[in-house]
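>>> build the 3D model from these lines:
(one chain, ligands or ions: 2)
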Amino acid sequence: MRVLVVGGGGREHSIVWKLLQSKNVSKIFCAPGNGGISDLAECVPIEADDVFRIVEFSKKEKIDFVCIGPENPLANGIVDELSKNGILAFGPSEKAAKIETSKVFAKKIMTKYKIRTAQYEVFENFEEALNYVNGKEPPFVIKADGLCGGKGSYVIRKREDAYSVLEDLFVKKVHGKAGERVIIEEYLHGQEVSYLVFSDGKSILPLITSQDHKTLFENDTGPNTGGMGAYAPVPFVSDEMEGLVKESIMSRAIEALRKEGVEYRGILYGGIILVGGLPYVLEFNARFGDPETQAILVQMDSDLLPIMVSCAEGNIKGVTPIQWKKGFAVCVVIASRGYPERPEKGKLIEGLENLKDESDIVVFHAGTKKVDGKYYTAGGRVLNVVARGEDINEAIEKAYSAIEMIRFEGMHFRRDIGRKAQMAKM
Ligand code: AMP
Ligand code: GLY
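Ligands and ions are numbered 1, 2, ... in the order given. Below you'll find the predicted structure:
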């Protein structure tokens, strides 16, 4: 099969890496890709959300299968457009992707179909929202309805902060149209877990559990980012809890969408929080998580291609459960100085060659570019160092020793990725 992967982050690098292990991939392209991806795939200079050019390219290059990484092209209806042109694509339709692209839509579905989530109110007006927060004790959470690149949710601990957040959303319109509607919801206190499932719109095929580290600094402090690291699987999620998430959240969501006339094909990502022994949904995403996918895919033994193709074709019935390697994978994100606000770019990355032949370590690139055989930083999140180990401690140790080999000016990373898994084991 001639395959095109859309996107250019660490997630897409890991998808390209995994797909290349499939004997059915004859040629792989990536749009736009990055420095690391260019070593594996033919990178095409088309932005991920340029639906028109991706469709044209796919027709011209006779692409058999397109896998969509990020949310923006899904929101722009890329899967619908590819399908209209007879090209098989992995990912939900624009309508189905609303589960991520509108938090209000997702909340309504959850309420109607009794999927556990935080209590909430919706506001379309600055004064009404202000009035509401005046009568509400922090902590609570304010969320923009639409896509904000992971920066649209604000945990409010002091009421004054709510005023400035609401002003940013409604008056300064920092997120544009995405912030025209706002959710204010209860703060839930618990452990967060990411749970991803493949779906053909009827049934689901689960992946292993994983945990993201969303904040910039250690001990879950500082501003939220796209994700500073992840590990998989999560040792403190029991089989019983996993069953509950699978049945009462993920299967129910697919069924709910179906009842609403929407067939959800692709990956459904549940951002789950465990509160008092019960799982609640913080958010749904309509795609693979980043950086969770980088940790999950190195643990996967099964061939990824036929699973994705079956989802896209609407028939995963015949697909056998996914086989997983034993042990754990840890992914540590290395970011540029200034991330997430104003990341520096153009710094020479050194030392990657030291890690090329390590069997349990793989470095997936995110914001990098390759010029004359050298890699340079080109974005906020730069590299994902992924290590496998028989236990979580070994995986963590290997990941951090690998990082010692890598250098670029201003690089920074969290030193506590996986610590919650270690604590759970003690
Ligand atoms: P979201 O964009 O909805 O995934 O939120 C981003 C992050 O904000 C989550 O990963 C949580 O850490 C935090 N968060 C969101 N909603 C809540 C909530 N209701 N209670 C506690 N933390 C939350
Ligand atoms: N890791 C969080 C996300 O992909 O949205």
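
>>> contacts and neighbour counts: CA atoms only from here.
Will do.

>>> count of neighbours near residue 137?
By the criterion of other C-alpha atoms under 10 Å, residue 137 has 12 neighbours.

>>> so residue 34, which state does it fall into?
coil (DSSP: H, G, I helix; E, B strand; the rest coil).

>>> now do the contacts for it.
For residue 34, the contacting residues are 8-9, 43, 365-370, by C-alpha atoms under 8 Å, 6 or more residues apart in numbering.

>>> okay if I get those as a markdown table plus secondary structure?
Listed next are those as a markdown table, based on three-state DSSP:
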| residue | secondary structure |
| --- | --- |
| 8 | coil |
| 9 | coil |
| 43 | strand |
| 365 | strand |
| 366 | coil |
| 367 | coil |
| 368 | strand |
| 369 | strand |
| 370 | strand |
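
>>> out of the residues you listed, which is nearest to residue 29?
Within those, the smallest distance to residue 29 is 5.7 Å, found for residue 43 (C-alpha to C-alpha).

>>> separation between the nearest residue to the closest one once chain neighbours are set aside and ligand 2?
Spatial nearest neighbour of residue 43, chain neighbours left out: residue 30 (4.8 Å); criterion: C-alpha to C-alpha, 6 or more residues apart in numbering. Going from residue 30 to ligand 2 by C-alpha to the nearest ligand atom, to the nearest Å gives 19 Å.

>>> then residue 339?
Distance from residue 339 to ligand 2, by C-alpha to the nearest ligand atom: 16 Å.

>>> near that residue, how many other residues are there?
So residue 339, with other C-alpha under 10 Å, has 17 neighbours.

>>> related to what we said a few turns ago, identify the residues contacting the helix or strand that contains the residue nearest to residue 43?
Per DSSP states H and E: residue 30 is located in strand 27-32. If you take C-alpha under 8 Å, 6+ apart as the criterion, strand 27-32 is touched by 1-8, 16, 20, 37, 41-48, 54.

>>> in strands only, show me the residues you listed.
Among these, the ones falling in strands (DSSP state E) are 2-7, 42-43.

>>> buried subset of those as a PyMOL selection?
The buried residues among these can be selected in PyMOL (16 or more other C-alpha atoms under 10 Å) with this line:
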select buried, resi 2+3+4+5+6+7+42+43
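
>>> out of the ones in strands among the contacts of strand 27-32, which one sits closest to ligand 1?
residue 7 (20.4 Å; C-alpha to the nearest ligand atom).

>>> confidence score at the residue positioned nearest the centre of the chain?
To find the centre residue of the chain, average its C-alpha atoms and take the closest one (C-alpha atoms, centre = their mean): that gives residue 289, at 1.8 Å. Per-residue confidence for residue 289 comes out at a pLDDT of 98.

>>> which residue sits closest to it, ignoring its sequence neighbours?
residue 269 (7.0 Å).

>>> phi, psi for that neighbour please.
Dihedral pair for residue 269: phi -110, psi 120, per degrees, to the nearest 10.

>>> that older thread, in a strand, the residue nearest to the centre of the chain, correct?
No: counting by three-state DSSP, residue 289 is not found in a strand; it is coil.

>>> I'd say it and residue 11 touch.
Yes: at 7.4 Å, residue 289 and residue 11 qualify as touching, with contact defined as C-alpha atoms under 8 Å.

>>> ranges for the helices of the stretch 251-400 of the chain?
Taking DSSP state H, counting those that start in this stretch, the helices of the stretch 251-400 of the chain run over residues 252-259, 292-299, 304-313, 392-403.

>>> any idea which of these is most buried?
Using mean count of other C-alpha atoms under 10 Å, the stretch among the helices of the stretch 251-400 of the chain with the largest mean neighbour count is helix 292-299, at a mean of 26.

>>> touching ligand 1 at all, it?
No: if you take C-alpha under 6 Å from any ligand atom as the test, helix 292-299 misses ligand 1, and the best it gets is 12.7 Å.

>>> for that helix, packing partners?
Counting contacts by 3 or more C-alpha pairs under 8 Å, 6 or more residues apart in numbering; DSSP states H and E, helix 292-299 is packed against helix 10-19, strand 229-232, strand 328-335, strand 381-389.

>>> please redo it, this time with the cut-off set to 6 Å
Contact here means 3 or more C-alpha pairs under 6 Å, 6 or more residues apart in numbering; DSSP states H and E; on that basis helix 292-299 packs against helix 10-19, strand 229-232, strand 328-335.

>>> of all those, which lies closest to residue 282?
With respect to residue 282, and counting by C-alpha to C-alpha, the nearest of the helices and strands packed on helix 292-299 is strand 229-232 at 17.4 Å.

>>> tell me the mean pLDDT over that closest one?
Averaging pLDDT along strand 229-232 gives 98.

>>> which strands and helices lie in contact with it?
Contacts defined by 3+ C-alpha pairs under 6 Å, 6+ apart place strand 229-232 against strand 211-212, helix 292-299, strand 328-335.

>>> got phi/psi on the residue of the stretch 251-400 of the chain at minimum distance from ligand 2?
Going by C-alpha to the nearest ligand atom, ligand 2 is nearest to residue 289 of the stretch 251-400 of the chain, at 3.3 Å. With angles defined as degrees, to the nearest 10, residue 289 sits at phi -80, psi 150.

>>> repeat that for residue 319.
Phi and psi for residue 319, reported as degrees, to the nearest 10, are phi -80, psi 130.

>>> what's the answer for residue 318, then?
phi -80, psi -10.

>>> for the one 5 residues further on, same thing?
Note on residue 323: its backbone torsions stand at phi -90, psi 140 [degrees, to the nearest 10].

>>> what about it, distance to ligand 1?
Taken as C-alpha to the nearest ligand atom, the span from residue 323 to ligand 1 is 28 Å.

>>> show the average pLDDT along stretch 331-338.
98.

>>> report the buried residues of that stretch.
331-337.

>>> do the same with stretch 129-147
Those would be 129-130, 133, 138-147, for stretch 129-147 by 16+ other C-alpha under 10 Å.
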